[in-house]
Structure formats: C-alpha cells, structure tokens
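[1] sequence first, predicted model second:
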Amino acid sequence: MKTKSILILLCFAFIVSVFTACSSEAPSEAAENKTEPKSISSIPKDDTSFKLCYTQSDSLNPYECETQNNQTLSQLVFESLFSIDEHYKASCSIAKKYEYTNSKILRVTIQDGLIFSDGTSLTADDITYSFRKAVKSSYWGSSLSGISSCYAVSSDTVDFQLEYPNSYAHNLLIFPIMSQSSETSEYPIGSGRYYFANEKEEIVLKANEKNGFSPYLTTIHLENIPASDSIDNAVNIGNVNLIFRDLSRDSAKKIDSNYKLVNMNNLVYIGINNKVGLGANSYIRKAINSAIDRELLTKSAYSGFAKTAKTIFNPEFELSTTEIFEKTANTNAAKQAMLQSGLSNFTISLLVNGTNEDRVTCAKLIKQQLENVGFKVHLSVADTYKSYEKQIRKEKFDLYLGEIKITPDMSLQHFFSSKGSARFGINPKKSAAAKEYNKYINGETDLGSFLISFSEEMPFIPVLYRQGMICFSKEMNGDMQGTSTDCFKNIENWYFISE
C-alpha cells in the first residue's frame, strides 16, 4: 500500500456525476500491428474477400449461443442501448438519453425512428423483450444481476429497476437488442450493421443498408470452424480474416497475423480464507499483498498481455486514478507485516486450477515470491475445474488463485454480497471493507474511505487485469479500432486491395 496515495484520497471525495445526455466515444488505443490505408482515389465494393468463423452446430441467437465464435458475430448483427469504449466509458447507441430518477431507477429513452433490418420499428417493447431473454441467458445473465426488472413507460422509454444504488448501471445495458418477431424468424433479427441471410444455400452476413450503413465489405462469408485450435490456425493461414482471442489460456501461443490488444475486465486475484488459518490474520493478508510482484506476474505468466492492478478497479476505469498497490514486491513491508502478525508458523497452501497453464505458471511464481519473504507454501494443483471449484465453495483453502469477469459497472458485489460468486473465504456481514463498500455505493461515504478500509483489511488481493487480442489478416487495410465488446468497431473503413 502506498501511504502517500491513501492520504491524498482522504483529502477529497470522489463525486460521480450522473448525466442525462450521452457523450461521444473516446478513441480506442492504437493497433499493435495495424496496416496503413493505401492512397487510392476509390475503393470498390467487395462481396467475396472477408471471411469470419462461426460454429454451425451452435445457435445464432445471441441469448442461446454458447460459443465465442457466434457471440462475436452477434456484435455485427445487433445493437445495444449503450456501447462502452476501452476505458469503460459509456456512450449512446440505441439510447438517446438516460437519467436516474431515483437511486434505484434508471430511465432510458431510445432514439426516434429506429428500425430493424427487416424494416419493422424498434420500440420499448423490444427492449423489455430482449432484457428478459438476456437475464435468462448463460452469457449475459450474470452481468445483469444488478438489475431486478425493466418495463416500458411508453413506446420509447424504459425504466430499469436496480437491485442497489448504482450510478454506473447504464454500463450494464450493452446486451444485444433483438426484434420480438425473431421468435418465429429463420434468423434472429437486429438493427446492427449486418444481418443474417441465406445466399445460394450459404449463411452470410449482408450489409444493412436500411440504417444508412455503407461499408466496402458488403457481404461477409462464414466458415464453420468450431475447434479453438483450428480457429487460431485459420487466421494464421488466411482461411478467415479476423478472430477474437480472449487469451484465457495459451497466451504465449504464436500468432502470425496482425493483432490489436484490447482491454478486458477479467480480474486475476488471490482469494484468501479470512475466516480460519493464517488468512484470518490481517497482517498476514497485508504481507501477502506486499510480497507479490505484479509486474513480473504480468510479464512472465501472461506474456505481457495484461495490466497490473494498481487499485481494485480496472486500471483503465476512471475510479483507478490513485495507486494503492505496488507494482513490484516490497519484501521489507512483507516481512514487517509478518512480524506484526505475532505468528511464528508461516506454512500456507495455495490452490490453483491445473487445467489452465497460464494460471499454474502464475501460481508457481506467487509461491516463489511468498517463499522469498519467509512463507512455506504448499501448491495444490486441482486436476479438474470441478475439483478446484468444489474446494473453493467448501472453503477448503488458505489461498486460491482465481479469475472473475467484473461487470462493466465495476461492481464488487461478487466479493461483498452474501450471494456473490467470489465471496468464498470472506464474511460480508463481518468484513469492514464490505460494510464500507455498501456505504460507498449508497452515497454515505466517499471512495477514499472505502479504499482505506480495503487496504487495512485486504480481504482479497487484486493481481492483474487480462487483455484480449483481435487477430486479423495482413491483407486487410484500414485502421483497426476494435474493442473487446465490438471487434468490428470501424468495419465500414476496412477493405482488401489485390496486388
């Protein structure tokens, strides 16, 4: 913990302003290997060159599909109420404006004259229909747990009932909006840049000209490539022109295509059993935090495809302006905290999921770092994810290395709610940090007070936030501006030119 930074936090309260009108999107980061546009006077329309992979055996419905292939395709076919950029700042898409009418009601008004790709009008009823589908889906459901319900106020206005006060709840409204008529349609219908069509017995994506979209790539061809290893190879050899890799495993795997790193909200953290054993001692938890070299873990275990956690929230988010965690190990602080603990036996176990090689590599490095300051660490490698999860749920651990996808509103209810998916080892009713967090989201205290409480207690240890990768063909032209939530952000500017 950086004491100076914490003292600065005490001097002011972070005020979150609620805007009733949407702001424009901030530009995304530059591509790592982008191709420069060629100097030509006109670019021809292209209905043959661009190919994407999909999983034929999986549904094309965004609420029913289970593969990353088909979820990525849905970014082209459907729009959402809001979009979020690389810094998790929301801007309007289908929405025209929004306001918080009270601490638990978010009211959204949609734009006038919107239509789906089949020409039918997009109304508030389609929003409520899509929400009901989204909350029941395996992909979108968990991210919408902070919203209890929604209902149409009028044909263009929807109210969302929140589970708790949340001034960033509009960040959650990025689920795809689908036409109610899709229930009986051959293909799901959206209002996005492209739509599904059957062309000569082949499923393709056609440019949706009804909404004024006019790209160079007028038709996108779909290749059935379900296996993840085959997908990576397909872009390397040119069978498809773009894929999204979430780098959840095999981060060091070689990619021969061009690529752009994109920010994700996947937090890798050290879970601690605060209830029993060494982890019940707050000085031990602080010692573990000081012993961790986050920078080394980012570079070595995740091949540099991650960002170190300088605070609890994603480092790209606006609440992360002040660092409270060291990037490198502070061995003196760790040893001092161990001395203050009053303990003499520093034997501790660390559980990791053995089916994820990157995670195992990270756990081995953490073991070394803890042993460097005087801990004796037993590394427990679970042979299946089911075994790993079972031990965590039963709280049969001292430490475990975990990963969780934080929702776009940066909610920490995963850790501090009695029903949170990462609550294991933490007692939300007794945790001072949990109580201070609830006071913070209720507007009863400021962000600095919560961060002070968290740093004193250290109920869990944020390590890093992973990144993803958009891989694309070297033959593609146009500046790649994709994000993890929209890999095709400026697809209207992409093109191929034959040599």
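    Perfect, thanks for sending it.
[2] any idea which element Asn198 lies in?
    strand 194-199 (DSSP states H and E).
[3] give me the residues contacting that strand.
    Contact partners of strand 194-199, identified using Cβ atoms under 8 Å, 6 or more residues apart in numbering, comprise 60, 76-77, 117-118, 186-189, 203-208, 213, 219-220. All C-beta atoms are positioned from the backbone trio N, CA, C, and that covers glycine.
[4] off-centre distance for it?
    29 Å (Cα atoms, centre = their mean, to the nearest Å).
[5] alpha carbons only: can I get it in PDB?
    What follows is strand 194-199, C-alpha atoms only, in PDB (Å, rounded to 0.1, in the frame of the first residue of the first chain):
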ATOM      1  CA  TYR A 194     -25.200  -6.500 -40.900                       C
ATOM      2  CA  TYR A 195     -28.000  -9.100 -41.000                       C
ATOM      3  CA  PHE A 196     -28.100 -12.900 -41.500                       C
ATOM      4  CA  ALA A 197     -29.100 -14.100 -44.900                       C
ATOM      5  CA  ASN A 198     -29.200 -17.300 -47.000                       C
ATOM      6  CA  GLU A 199     -27.300 -16.800 -50.200                       C
END
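[6] list the buried residues in it.
    Going by neighbour count (16 or more other Cβ atoms under 10 Å), the buried part of strand 194-199 is Tyr194, Tyr195, Phe196.
[7] pairing partners for it, with directions?
    Next to strand 194-199 in the sheet, as set by DSSP bridges, lie strand 202-207 (antiparallel).
[8] show me what counts as buried in the partner strand.
    Buried, per 16+ other Cβ under 10 Å, within strand 202-207: Ile203, Val204, Leu205, Ala207.
[9] now do stretch 473-489
    Result for stretch 473-489 [16+ other Cβ under 10 Å]: buried residues 473, 475-489.
[10] so, low pLDDT: which residues of the protein?
    Under the criterion pLDDT under 70, the flagged ranges of the chain are 1-41, 251-252, 498-499.
[11] do a quick rundown of the helices in it.
    Counting by DSSP state H, the chain has helices at residues 3-10, 68-77, 124-135, 228-237, 282-291, 294-296, 331-340, 357-372, 385-393, 413-416, 432-441, 447-457.
[12] nearest residue to Tyr129 in space, please, no chain neighbours.
    Gln180 (4.7 Å; Cβ to Cβ, 6 or more residues apart in numbering).
[13] that neighbour against Thr123, yeah?
    No. Applying Cβ atoms under 8 Å, one finds Gln180 not in contact with Thr123, separated by 9.0 Å.
[14] please enumerate the strands of the stretch 1-150 of the chain.
    In the stretch 1-150 of the chain, the strands defined using DSSP state E, counting those that start in this stretch lie at 51-54, 82-84, 90-92, 95-102, 105-110, 147-154.
[15] who touches stretch 103-115?
    81, 92, 94-101, 121-124, 127, 153, 156-165, 169-170, 173, 191, 210-211, 442-443.
[16] just the buried subset of these, please.
    81, 92, 94-96, 98, 100, 122-124, 127, 156-160, 162-163, 165, 169-170, 173, 191, 211.
[17] list the contacts for Val204?
    Phe196, Ala197, Asn198, Thr219, Ile220, His221, Leu222 are the contacts of Val204 under Cβ under 8 Å, 6+ apart.
[18] out of those residues, who's nearest Gly238?
    His221 (13.1 Å; Cβ to Cβ).
[19] I'd say that closest one and Phe50 touch.
    Yes. Counting by Cβ under 8 Å, His221 touches Phe50, with 7.0 Å between them.
[20] go through the chain and flag its longest strand.
    Taking DSSP state E as the assignment, the strand of the chain that covers the most residues is strand 258-272.
[21] could you dump that strand to PDB, C-alpha only?
    Taking C-alpha atoms only, strand 258-272 is exported to PDB below (Å, rounded to 0.1, in the frame of the first residue of the first chain):
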ATOM      1  CA  ASN A 258      -1.600  -8.800 -37.300                       C
ATOM      2  CA  TYR A 259      -3.200  -8.100 -34.000                       C
ATOM      3  CA  LYS A 260      -4.500  -5.500 -31.600                       C
ATOM      4  CA  LEU A 261      -4.600  -5.900 -27.900                       C
ATOM      5  CA  VAL A 262      -7.900  -4.900 -26.300                       C
ATOM      6  CA  ASN A 263      -8.700  -4.300 -22.600                       C
ATOM      7  CA  MET A 264     -10.900  -6.700 -20.800                       C
ATOM      8  CA  ASN A 265     -12.400  -6.700 -17.300                       C
ATOM      9  CA  ASN A 266     -11.200 -10.100 -16.300                       C
ATOM     10  CA  LEU A 267      -9.600  -9.800 -12.800                       C
ATOM     11  CA  VAL A 268      -7.000 -12.300 -11.700                       C
ATOM     12  CA  TYR A 269      -6.800 -12.300  -7.900                       C
ATOM     13  CA  ILE A 270      -5.700 -14.200  -4.900                       C
ATOM     14  CA  GLY A 271      -8.600 -15.300  -2.800                       C
ATOM     15  CA  ILE A 272      -7.900 -15.600   0.900                       C
END
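[22] so which elements touch it?
    Applying 3 or more Cβ pairs under 8 Å, 6 or more residues apart in numbering; DSSP states H and E, one finds that strand 258-272 contacts helix 282-291, helix 357-372, strand 399-405, strand 460-472.
[23] note down every partner strand of that strand and its orientation.
    strand 399-405 (antiparallel), strand 460-472 (antiparallel).
[24] want to throw the ones you listed into TSV with mean neighbour count?
    Converted to TSV, the strands paired with strand 258-272 look like this (neighbours: other Cβ atoms under 10 Å):
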stretch	mean neighbour count
strand 399-405	22
strand 460-472	24
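[25] the residue of the chain most remote from its centre and Val276, how far apart?
    Farthest-out residue of the chain from its mean C-alpha position, per Cα atoms, centre = their mean: Ser344, at 40.6 Å. As judged by Cβ to Cβ, to the nearest Å, Ser344 and Val276 stand 18 Å apart.
[26] and which of the buried residues of strand 202-207 is nearest Lys327?
    Lys327 has its nearest neighbour among the buried residues of strand 202-207 in Leu205, at 42.9 Å by Cβ to Cβ.
[27] does the closest one touch Ile220 like I think?
    Yes. Between Leu205 and Ile220 there is a contact under Cβ under 8 Å: 3.9 Å.
[28] what's the overlap in contacts for those two?
    Joint contacts of Leu205 and Ile220 (Cβ under 8 Å, 6+ apart) are Leu52, Leu76, Tyr194.
[29] for Ser155, see how far away the second one is.
    For Leu76, the distance to Ser155 equals 27 Å [Cβ to Cβ].
[30] next one: the last one
    Tyr194 sits 26 Å away from Ser155 when distances are taken as Cβ to Cβ.
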